[in-house]
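Need a 3D model of the following:
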Amino acid sequence: MMSTYKRATLDEDELLDSTVDEVYPTNMQVSVRRGHGPRCWAERTHVEKKLLVLVCVLSFSLFVCVLTLGFYYKAAHPGLCLSESNLWERNMAVMKQSLENTNTTGLSEAEKKAQLYYQSCMNEAKIEELGAQPLQELINQTGGWALTEPWDKSNFQEVLRMVSSSYRTSPFFTVFVSTDSKSSNSNIIQVDQSGLGLPSRDYYLNKTANQRYLDAYLDFLVELGVLLGGSEETSRTLMQEIVDFETALANITVPQEERRDEELIYHKIQAKDLANLAPAVNWMPFLKDVFAPVELNDTEPVVVYAKEYLTKVSDLINSTNKSLLNNYMIMKVVRKMVSILDQRFQDAEQRFFEVMYGTKKSCIPRWKLCVSDTDSALGFALGALFVKKTFTNDSKSIAEDMVIEIKQAFEDGLQYVSWMDPETKKAAKEKADAIYNMIGYPKFIMEPKELDKVFNDLEVVSDLYFQNVMQYYNFSARVTADQLRKAPNRDQWSMTPPTVNAYYNPTKNEMVFPAGILQAPFYSTTWPKSMNFGGIGVVMGHELTHAFDDQGREYDKDGNLRSWWKNSSVEAFKKQTQCMIEQYSNYIINQEHLNGKHTLGENIADNGGLKAAYKAYESWIKKNGEEALLPALSMTNRQLFFVGFAQVWCSVRTPESSHEGVITDPHSPSRFRVIGTISNSHEFSKHFNCKSGTPMNPKRKCELW
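Numbers count the residues shown, from 1 in each chain. This is a model prediction of the structure:
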């Protein structure tokens, strides 16, 4: 499992705030005069009428010329600049076609399992026939809950073990296997604080701003309780207790912006020491169940990232009624299973989502939900089908060359970083040199025997969706346990090949660019280099810069968390980053200030990525000469570089979703990922002739790499 702060989320949407100045100045001004409609034809003079007719004729002629030019240019340059692009939609369509293909000749067993999994998700008739029965049976097997029966059981430890191991939920805390940050050649058990029912602690603690979300959440939980056999009265009482308990959890949960220094929150102990931190949990039986069939003893090393939280949550468990604890754990299971049940549950969730995010899930066809879920469960088997249809060796080799050029530009730029001492600079260059690039897909997915070996233990049937999901949870648990104590595998990716995203992994010191993102609007073999460098080039620079953001910089070239900078450079770094914290904290969207400290890592990566990609493009021009200009645009190629960067963030986001993003997302909203970054760019100001002191060319620019 990789921390989410390392990912450059590229499917982000944003509602553009009209109160902020536009990025590109225009000479055309349109005004609307209220109370004065247009003059009618009869009121106009003879000269005015002749002029209007002439303007209309000329406008129509110009339109025909542009249309004709566009037609011929598009024929010569397919897909270039003249059509909109929704990359994830296209990728989903390719996956759908592969999953629904009835010709299974030549497919591996793993690929066939992906098709079966998808078919079971699409079998709505069977899902409706079963209704709530699969979940009710699961709850009964776990011991039941107070929603439908009197509660007087002392089975807290057993239920905690079952919901954590078999159902892959994380009540109270989360336990997983990942690379040891201070010993990157081995995987280790890790313990951290867990998530809440709502996206962030702020929803519970800032009731003035979030009361309507809390009300919608409570109504959603009550409706789930009724659907599972409880009366309206019992369900409302029980669910209000759960929301109150989650509020208590929110109070002890540490905000993400206070957890950015990993050296401070890393604590390695032995498994037996967990009993001192959180005595409310019987840790050894718990760990043995979660990581079965691996044999564990009480000297097993464990990394804890939330010492104070664990102590507080243990106290909270001990002071809370056991029936409420059980109801909370079962509700965590129910919430996880809602999306795989019948339409009544889907509708209840949709009503909640409409309030939370302002979106209507009902508009999304079933196949899209099933493609996404298949990608989540069997993404590498589905990825093999996807890669065969979409990814060429040319794309891979061109992308590899671009990464090398971006890396060279970043390293060349290090010599101009005035705040860093020479010795640390040298070590930083060595780290950049050592970054491993993964492009397209892991090799094993194109080797049927290797792919089948990975999914050999996963059982999939064609018509029982709920059963398939539960089989996947059990399979996932076994895969996780099997990784314990082993060396991290470079072929184990955190993203599947169709994903429109990319990431940097600090413990492996590697960058990963799935095949899904190596397409328009980020990249195309038919596009000018200016737009490719501005698109996928900036993404590459972004991931590279993560190795040197406020968290990534703490890891050395071998992926180990240790102090490898001189103290003077550490202090200078913190001083430089304070500029960005203040810059982004001053941005406002929907009357909410951004949290510049929370988004610092991504803002550093955005700024460093743009700078490195631009330098790489300039280097490419020196080697290959200037590119031909695109017709009908009146823009230079250097201007097109910035357009290529900005256009990948053109998006729309509801106010509700925007609010959630400001609270939870480590990335700035899309609008400010563009404006914040290019306003710090000297090159942008130069090529777009922005006067000094204007919003897009402020006198104080934040610069780091």
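
and Pro498, what does it touch?
Asn91, Val94, Met95, Asp375, Gly379, Leu382, Gly383, Phe386, Pro514, Ala515, Gly516 (C-beta atoms under 8 Å, 6 or more residues apart in numbering). To be clear about C-beta, it is placed using only N, CA and C from the backbone, and glycine gets the same treatment.

In a markdown table, list the residues you listed along with neighbour count, secondary structure and pLDDT.
What follows is these, written out as a markdown table (neighbours: other C-beta atoms under 10 Å; DSSP: H, G, I helix; E, B strand; the rest coil; pLDDT from 0 to 100):
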| residue | neighbour count | secondary structure | pLDDT |
| --- | --- | --- | --- |
| Asn91 | 23 | helix | 92 |
| Val94 | 17 | helix | 93 |
| Met95 | 29 | helix | 94 |
| Asp375 | 25 | helix | 95 |
| Gly379 | 22 | helix | 95 |
| Leu382 | 28 | helix | 96 |
| Gly383 | 30 | helix | 95 |
| Phe386 | 28 | helix | 94 |
| Pro514 | 28 | strand | 94 |
| Ala515 | 24 | helix | 93 |
| Gly516 | 30 | helix | 92 |
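
From Ala502, how far out is Tyr587?
Distance, Tyr587 to Ala502, by C-beta to C-beta, to the nearest Å: 24 Å.

Looking only at neighbour counts, state which of these two leads.
Per other C-beta atoms under 10 Å, whichever of Tyr587 and Ala502 has more neighbours is Ala502, with 26 against 20.

Which strand residues bridge the more buried one?
Legend: beta-bridge partners of Ala502 under DSSP bridges are Ala8.

With distance to Pro365 added, can I get the contacts of Pro498 in a markdown table?
What follows is the contacts of Pro498, written out as a markdown table (distance: C-beta to C-beta, whole Å):
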| residue | distance to Pro365 |
| --- | --- |
| Asn91 | 15 |
| Val94 | 16 |
| Met95 | 13 |
| Asp375 | 16 |
| Gly379 | 20 |
| Leu382 | 18 |
| Gly383 | 22 |
| Phe386 | 19 |
| Pro514 | 24 |
| Ala515 | 24 |
| Gly516 | 20 |
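
Out of those residues, which is nearest to Asp606?
Comparing the contacts of Pro498 against Asp606 with C-beta to C-beta places Pro514 closest, at 19.6 Å.

What residue, apart from its backbone neighbours, is nearest Met92 spatially?
Spatial nearest neighbour of Met92, chain neighbours left out: Val371 (5.2 Å); criterion: C-beta to C-beta, 6 or more residues apart in numbering.

cool, and Leu277?
In space, Leu277 is closest to Leu310, 4.8 Å off (C-beta to C-beta, 6+ apart).

just to revisit the earlier point, confirm that the residue nearest to Met92 sits in a helix.
Yes - counting by DSSP: H, G, I helix; E, B strand; the rest coil, Val371 is located in a helix.

Roughly how far does it sit from Glu232?
Taken as C-beta to C-beta, the span from Val371 to Glu232 is 36 Å.

Hmm, Thr142 is touching Lys332, no?
No - using C-beta atoms under 8 Å, Thr142 makes no contact with Lys332, being 11.1 Å away.

any common contacting residues for those two?
The contact sets of Thr142 and Lys332 overlap at Val163 (C-beta under 8 Å, 6+ apart).

ok, which stretches of the stretch 601-705 of the chain are helices?
For the stretch 601-705 of the chain, helices defined by DSSP state H, counting those that start in this stretch occupy the ranges 637-647, 655-664, 670-678, 682-687.

Mind checking those helices for the one nearest to Leu704?
Among the helices of the stretch 601-705 of the chain, the nearest to Leu704 by C-beta to C-beta is helix 670-678 (11.8 Å).

Kindly indicate which of the contacts of Pro498 lies nearest Asn393.
Checking the contacts of Pro498 against Asn393 by C-beta to C-beta gives Ala515 as the nearest, at 11.5 Å.

my guess is the closest one meets Tyr441, correct?
Yes - with contacts counted by C-beta under 8 Å, Ala515 reaches Tyr441, the gap being 5.6 Å.

list the residues that contact both of those two?
Common contacts of Ala515 and Tyr441 (C-beta under 8 Å, 6+ apart): Gly383, Val387, Phe391, Pro497.

and the least confident of the residues you listed?
Minimum pLDDT for the shared contacts of Ala515 and Tyr441 is recorded at Phe391 (87).

low pLDDT regions in this protein?
Low-confidence segments of the chain, defined by pLDDT under 70: 1-84, 361-362.

quick one, strands of it?
7-8, 173-180, 183-193, 267-270, 301-304, 436-440, 502-505, 510-514, 588-589, 592-593 (DSSP state E).

Take these and lay them out in a markdown table including distance to Ala612.
Formatted as a markdown table, the strands of the chain follow (distance: least, C-beta to C-beta, whole Å):
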| stretch | distance to Ala612 |
| --- | --- |
| strand 7-8 | 14 |
| strand 173-180 | 26 |
| strand 183-193 | 25 |
| strand 267-270 | 35 |
| strand 301-304 | 32 |
| strand 436-440 | 14 |
| strand 502-505 | 13 |
| strand 510-514 | 12 |
| strand 588-589 | 27 |
| strand 592-593 | 29 |
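
ok so, going back, more neighbours: Val371 and Glu232, which one.
Val371 (25 against 11).

do you know how far the more buried one is from Lys112?
Val371 is 16 Å from Lys112, where distance means C-beta to C-beta.

start to end distance for stretch 277-288?
Counting by C-alpha to C-alpha, to the nearest Å, you get 18 Å between the two ends of stretch 277-288.

Just the buried residues of it, please?
Leu277, Ala278, Ala280, Val281, Trp283, Met284, Phe286, Leu287, Lys288 (16 or more other C-beta atoms under 10 Å).

quick one on the thing from earlier: will you turn the helices of the stretch 601-705 of the chain into TSV that also has mean neighbour count and distance to Leu341?
What follows is those, written out as TSV (neighbours: other C-beta atoms under 10 Å; distance: least, C-beta to C-beta, whole Å):
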stretch	mean neighbour count	distance to Leu341
helix 637-647	23	40
helix 655-664	20	24
helix 670-678	24	33
helix 682-687	17	50
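
mind checking which of those helices is nearest Tyr357?
Of all the helices of the stretch 601-705 of the chain, helix 655-664 comes closest under C-beta to C-beta, at 4.5 Å.

what angle sits between that closest one and helix 670-678?
Between helix 655-664 and helix 670-678, the angle comes out at 50 degrees (axes from the mean of the first three to the mean of the last three C-alpha atoms, to 10 degrees).

ok now helix 655-664, how far from the chain's centre?
Offset of helix 655-664 from its chain centre (C-alpha atoms, centre = their mean, to the nearest Å): 14 Å.

Show me what that helix is packed against.
helix 343-357 (3 or more C-beta pairs under 8 Å, 6 or more residues apart in numbering; DSSP states H and E).

then the helix it packs on to PDB, C-alphas only?
Taking C-alpha atoms only, helix 343-357 is exported to PDB below (Å, rounded to 0.1, in the frame of the first residue of the first chain):
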ATOM      1  CA  GLN A 343     -31.200  -1.300  -6.300                       C
ATOM      2  CA  ARG A 344     -32.700  -0.200  -3.000                       C
ATOM      3  CA  PHE A 345     -29.300   0.100  -1.400                       C
ATOM      4  CA  GLN A 346     -28.000   1.800  -4.500                       C
ATOM      5  CA  ASP A 347     -30.800   4.400  -4.400                       C
ATOM      6  CA  ALA A 348     -30.100   5.100  -0.700                       C
ATOM      7  CA  GLU A 349     -26.400   5.600  -1.400                       C
ATOM      8  CA  GLN A 350     -27.300   7.900  -4.400                       C
ATOM      9  CA  ARG A 351     -29.500  10.200  -2.200                       C
ATOM     10  CA  PHE A 352     -26.500  10.500   0.100                       C
ATOM     11  CA  PHE A 353     -24.100  11.200  -2.700                       C
ATOM     12  CA  GLU A 354     -26.300  13.900  -4.200                       C
ATOM     13  CA  VAL A 355     -26.000  15.900  -1.000                       C
ATOM     14  CA  MET A 356     -22.300  15.000  -0.400                       C
ATOM     15  CA  TYR A 357     -21.000  15.600  -3.900                       C
END
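
Thank you, goodbye.
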